[in-house]
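[1] Mind folding the following:
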Amino acid sequence: MNRQIHLNINGEEKSVYIRNADTLLTALREQLGLTGAKPGCENGDCGACTVIIEGMPQKSCIMLAVEGIGKQITTIEGLNNTPIQQAFLEKWAFQCGYCTSGFIMNCHALMEKHPDAEDVVVENWLQSNICRCTSYQEIKEAIHSVLSKNS
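    Prediction:
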């Protein structure tokens with residue numbers, strides 16, 4: 001049985017019809033056409049589905065859509081030429097691109113929470129996402145290039 005809920009996505013109120021068991025990832029992709037968050041492992045391990053909820057990265061594949069009611073949700077589509085997006089391009093911090101939106105969301109939240117992050121903090125935050133093509137060095141370079149501009 002479907003029910004209507006309202007979610008604040010990228011600063012806009014959106015109505016979606018969901019089953020109680022639908023994940024936020026499902027609602028974003030199938031109801032709203034926001035396909036930047038990718039289904040990967042669908043059990044919270046890979047981070048391809050990462051979005052930002054109330055300023056913190058969250059894996060949308062393990063969050064029910066109903067849990068997003070009343071929260072500020074940002075997807076990759078809600079970012080607009082942020083410094084980390086530009087750094088990913090400049091440092092070639094992607095290969096196949098499947099994990100890229102999740103990494104960008106995680107890195108964006110990292111820089112918002114820890115604008116002076118040291119390497120140990122960066123390493124810790126990067127552990128939540130997986131890149132099968134192994135672009136880790138380039139991703140770290142992208143993060144550090146933005147962090148150095150903030151200093």
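
[2] How far off centre is the worst-scoring helix or strand of the chain on mean pLDDT?
    Ranking every helix and strand in the chain by mean pLDDT, DSSP states H and E puts helix 136-150 at the bottom, with a mean of 92. For helix 136-150, the separation from the chain centroid amounts to 17 Å (computed by CA atoms, centre = their mean, to the nearest Å).

[3] do the same with stretch 34-48
    With CA atoms, centre = their mean, you get 9 Å for stretch 34-48.

[4] First-to-last residue distance for that stretch?
    13 Å (CA to CA, to the nearest Å).

[5] cool, and stretch 85-96?
    16 Å.

[6] about what we covered before: list the buried residues in the least confident helix or strand of the chain.
    For helix 136-150, a neighbour-count test (16 or more other CB atoms under 10 Å) marks E138, I139, K140, E141, A142, I143, S145, V146, L147 as buried. All C-beta atoms are positioned from the backbone trio N, CA, C, and that covers glycine.

[7] name the helices or strands packed onto that helix?
    For helix 136-150, the packing partners by 3 or more CB pairs under 8 Å, 6 or more residues apart in numbering; DSSP states H and E come out as helix 83-90, helix 100-113, helix 119-126.

[8] domains for this protein, by residue range?
    3-76, 83-150 (automatic domain parsing).

[9] if I've got this straight, C61 is in a helix?
    Yes - remark: C61 belongs to a helix, assigned using DSSP: H, G, I helix; E, B strand; the rest coil.

[10] Count the neighbours of it for me.
    By the criterion of other CB atoms under 10 Å, C61 has 23 neighbours.

[11] From P83, how far out is it?
    According to CB to CB, to the nearest Å, C61 stands 27 Å off from P83.

[12] Repeat that for G55.
    Taken as CB to CB, the span from G55 to P83 is 17 Å.

[13] Pick out whichever of these two has more residues nearby.
    Of the pair G55 and P83, P83 is the one with more neighbours under other CB under 10 Å, namely 16 against 10.

[14] roughly how far apart are the nearest residue to the more buried one once chain neighbours are set aside and V66?
    In this structure, P83 finds its nearest non-sequential neighbour in V146, 4.6 Å apart by CB to CB, 6 or more residues apart in numbering. Plainly put, V146 is 34 Å away from V66 if you go by CB to CB.
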